[in-house]
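In: structure for the following, please:
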Amino acid sequence: MTIDQRTSGNGTRTALVVGATGIAGSALVDELTAGGWPVLALSRRAGAERDGVRWLSADLTSAESLAAVLAPEQPTHVFFTAWSRRDTEEENIEVNAGMLRDLLAALRGKPVAHAALMTGLKHYLGPFEAYAAGEMPDTPFHEEEPRLPVRNFYYAQEDELFAAAAEQGFSWSVHRAHTVIGHAVGNAMNMGLTLATQAALCRDAGEPFVFPGSETQWNGLTDMTDAGLLAQHMLWAATTPAAANEAFNIVNGDVFRWRWMWPQLAAYFGVEWEGYGEAPRPLEQAMAGRQEQWRELARRHGLAEPDLDRMASWWHTDGDLGRGIEVVTDMGKSRVAGFTGYRRTVDAFISLFERYRADNLIP
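Out: Numbering: from 1, shown residues only. Next up, the predicted model:
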């Protein structure tokens, strides 16, 4: 029997989604259940009950917790989307590579056919401590670029994945996304919900919707990744022999300039906007001290989440929009291998905002 033919004990393919309440994990659960997959959804806290999904709660930083929770399970396909932000890159490496290593160790002897790892463009841009600050490859970024000569937790995670795959006999894929937007609350890297929250606060205060980033980001080309497309890409690679044992970039497929996109987002929210001025105007400063404003706004509109810190990740959006370089990502490798998924980024934003409103997260 080949690894592509492996099934769990009940004769079916079973997906294990790690980080199942996050942006990418939530989209994967949606994609897998829509396709009829039984899903084991692993996170620290369980999400909403739904057909075809069984929630598993574990501390991803504890090898003992992972081993105990996964002991009775028989997943065939693993999708790892979790991460834990730490103060230094050495700590990021220790914790995040350790989580993946301990998870895969807990799956030894099980019918795992494929493990898919989500990373991102820090593979090309460098870690948070030296983000977009050192020597980098030219854009558009290609998967064949050599690693940067710096310590990076994405590299450490890849090495753990490669080692476990060689030892345990499963195939693997790595998915390098760029600024993922999707439906999740309390996530540290959600530009979609962050910008929606900014717009709601600005409209409430009668202030313009101000672009917080750099002149380069305002005027240069960029791209992004919709979480639903990322989920399709990860499932495609996990079930397509031609995609096995490869790293892939994954972005929507279009490019845009923020000087075009920003007015589109402002129009959706019905707010005036301001573009780049004489210098960046970071959200961490502009949105500081707004907790009480958000609580009052949430009370008036009956919103589901009154905690501003769970709605917005100002620091991460500042990092993406404040870069001094143009960032564009090549999708040629995926196209040649057969993946044809595409999203128009402005439509991805608008549909995401509509979902936030339907779920009563924004007014």
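In: how much space between Ile250 and Ser214?
Out: Per Cβ to Cβ, to the nearest Å, Ile250 is found 24 Å from Ser214. The C-beta positions use only the backbone N, C-alpha and C, and glycine is treated the same way.
In: of those two, who's got more company?
Out: Counted by other Cβ atoms under 10 Å, Ile250 and Ser214 do not tie: Ile250 has more neighbours, with 28 against 19.
In: for the nearest residue to the more buried one once chain neighbours are set aside, what is the enclosing helix or strand?
Out: Counting by Cβ to Cβ, 6 or more residues apart in numbering, the nearest residue to Ile250 once its immediate chain neighbours are dropped is His233, at 4.5 Å. Element membership of His233 [criterion: DSSP states H and E] is helix 227-239.
In: tell me which residues are up against the next helix or strand after that helix.
Out: Moving toward the C-terminus from helix 227-239, the next helix or strand (DSSP H and E) is strand 246-250. Residues outside strand 246-250 that contact it (Cβ atoms under 8 Å, 6 or more residues apart in numbering): 141-143, 158, 173-178, 225, 229-230, 233, 237, 329-331, 333-334, 337, 339.
In: can you check stretch 175-182 too?
Out: 23-24, 26-27, 116-121, 123-124, 141, 143, 189-192, 223-228, 230, 233-234, 237, 247-251, 320, 327, 329, 348-349, 352.
In: write the ChimeraX selection for whichever of the residues you listed are buried.
Out: Burial among the contacts of stretch 175-182 is assessed by 16 or more other Cβ atoms under 10 Å; the matching ChimeraX selection reads:
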select :23,24,26,27,116,117,118,119,120,121,123,124,141,143,189,190,191,192,223,224,225,226,227,228,230,233,234,237,247,248,249,250,251,320,327,329,348,349,352
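In: still on that earlier bit, which of the contacts of strand 246-250 fall in strands?
Out: In this view, these that belong to strands under DSSP state E are 173-177, 225.
In: state the distance from Val327 to Trp314.
Out: Per Cβ to Cβ, Val327 is found 20 Å from Trp314.
In: now swap in Leu104 and tell me
Out: Distance of Leu104 to Trp314, given as Cβ to Cβ: 34 Å.
In: quick check: closest non-adjacent residue to Arg343.
Out: Nearest residue to Arg343, sequence neighbours excluded (Cβ to Cβ, 6+ apart): Asn252, at 3.9 Å.
In: wait, the one you found touches Phe349, no?
Out: No - between Asn252 and Phe349 there is no contact under Cβ atoms under 8 Å: 10.5 Å.
In: now do the strands in the stretch 251-363 of the chain.
Out: Ranges of strands within the stretch 251-363 of the chain are 256-257, 273-274, based on DSSP state E, counting those that start in this stretch.
In: any chance of those strands in JSON lines, plus mean pLDDT, mean neighbour count and distance to Asn96?
Out: Output for the strands of the stretch 251-363 of the chain, formatted as JSON lines (pLDDT from 0 to 100; neighbours: other Cβ atoms under 10 Å; distance: least, Cβ to Cβ, whole Å):
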{"stretch": "strand 256-257", "mean pLDDT": "98", "mean neighbour count": "15", "distance to Asn96": "30"}
{"stretch": "strand 273-274", "mean pLDDT": "98", "mean neighbour count": "16", "distance to Asn96": "36"}
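In: next, format those as CSV and append distance to Leu66.
Out: Shown next, in CSV, are these (distance: least, Cβ to Cβ, whole Å):
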stretch, distance to Leu66
strand 256-257, 40
strand 273-274, 46
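In: looking at the ones you listed, which is nearest to Ile93?
Out: strand 256-257 (33.3 Å; Cβ to Cβ).
In: pLDDT below threshold where in this structure?
Out: 1-11, 131-133, 186-188 (pLDDT under 70).
In: hang on, the earlier thing: give me the contacts around the helix holding His233.
Out: Contact with helix 227-239 is made by 23-24, 26-28, 30-32, 35, 77, 79, 114, 116, 118, 173, 175, 177, 180-184, 243-244, 246, 248, 250, 252, 334, 338-339, 341-343, 348, as judged by Cβ under 8 Å, 6+ apart.
In: one more: stretch 66-78?
Out: So stretch 66-78 is contacted by 6-10, 13-16, 18, 40, 42, 56-60, 102-107, 110-116, 238-239 (Cβ under 8 Å, 6+ apart).
In: filter the residues you listed to the buried ones?
Out: Neighbour counting with 16+ other Cβ under 10 Å marks 6, 8, 13-16, 18, 40, 42, 56, 58, 60, 102-107, 110-116, 238 as buried within these.
In: so which of those belong to helices?
Out: Using DSSP state H, 102-106, 238 are the members of the buried ones among the contacts of stretch 66-78 that sit in helices.
In: Glu145 and Ala247: what is the separation?
Out: The gap separating Glu145 from Ala247 is 10 Å, by Cβ to Cβ.
In: how about the helices in the stretch 151-300 of the chain?
Out: Assigned by DSSP state H, counting those that start in this stretch, the helices in the stretch 151-300 of the chain fall at 153-168, 191-205, 215-219, 227-239, 258-269, 283-286, 291-301.
In: need these in CSV (columns: distance to Arg85).
Out: Listed next are these as CSV, based on distance: least, Cβ to Cβ, whole Å:
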stretch, distance to Arg85
helix 153-168, 10
helix 191-205, 15
helix 215-219, 22
helix 227-239, 19
helix 258-269, 25
helix 283-286, 15
helix 291-301, 20
